[in-house]
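In: Quick one: sequence plus predicted model below, questions after.
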Amino acid sequence: MSVSAESLESGNERVALPEGASIFSRKVARSGHISYEGRPYFISKALAGRYIRLVVLADRLIVDTSIPLHKEYPLV
């Protein structure tokens, strides 16, 4: 999936993207890898099964993740 945009919503805020940036979404494999243009990239096994956002700018591939975390511990 590919989306070209000048700005990107992240939570409740809008993040400006540089001109010429493209946004892609990839699902992280169980091995922790994603594929972009036929090439594998290791991201993290901790993100296996999750979708991550890729920002492509010129000759750079930028990985952008947002992981909500909720933990609860008994205080007794």
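Out: Right, received. Where do you want to start?

In: looking at the protein, which helix or strand is least sure?
Out: Least confident helix or strand, the chain: strand 2-4 with a mean of 45, by mean pLDDT, DSSP states H and E.

In: wait, what's in contact with the residue lying closest to Lys45 once chain neighbours are set aside?
Out: Once flanking residues are discounted, Lys45 sits nearest to Gly32: 3.8 Å by C-beta to C-beta, 6 or more residues apart in numbering. All C-beta spots, glycine's among them, are computed from the backbone N, C-alpha and C. Counting by C-beta atoms under 8 Å, 6 or more residues apart in numbering, Gly32 touches 42-48.

In: run the last query once more with 7 Å
Out: Residues near Gly32 by C-beta atoms under 7 Å, 6 or more residues apart in numbering: 42-45, 47-48.

In: ok, Ser25 to Pro74 distance?
Out: For Ser25, the distance to Pro74 equals 37 Å [C-beta to C-beta, to the nearest Å].

In: quick one: which of the two has more around it?
Out: Ser25 (12 against 4; other C-beta atoms under 10 Å).

In: That one contacts Val56, correct?
Out: No. Here Ser25 does not reach Val56: they are 11.9 Å apart, not a contact under C-beta atoms under 7 Å.

In: would you say Ala46 is within a helix?
Out: Yes. The assignment for Ala46 by DSSP: H, G, I helix; E, B strand; the rest coil puts it in a helix.

In: The residue nearest to Leu47 when sequence neighbours are not counted: how many residues sit nearby?
Out: Once flanking residues are discounted, Leu47 sits nearest to Val28: 4.4 Å by C-beta to C-beta, 6+ apart. The local packing of Val28 (other C-beta under 10 Å) involves 22 other residues.

In: could you list every residue that touches Val28?
Out: Val28 neighbours (C-beta under 7 Å, 6+ apart): 34, 43, 47-50, 52.

In: Can I get the buried ones among these as something I can paste into ChimeraX?
Out: Selecting just the buried residues from those in ChimeraX takes one command, with 16 or more other C-beta atoms under 10 Å as the test:
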select :34,43,47,52
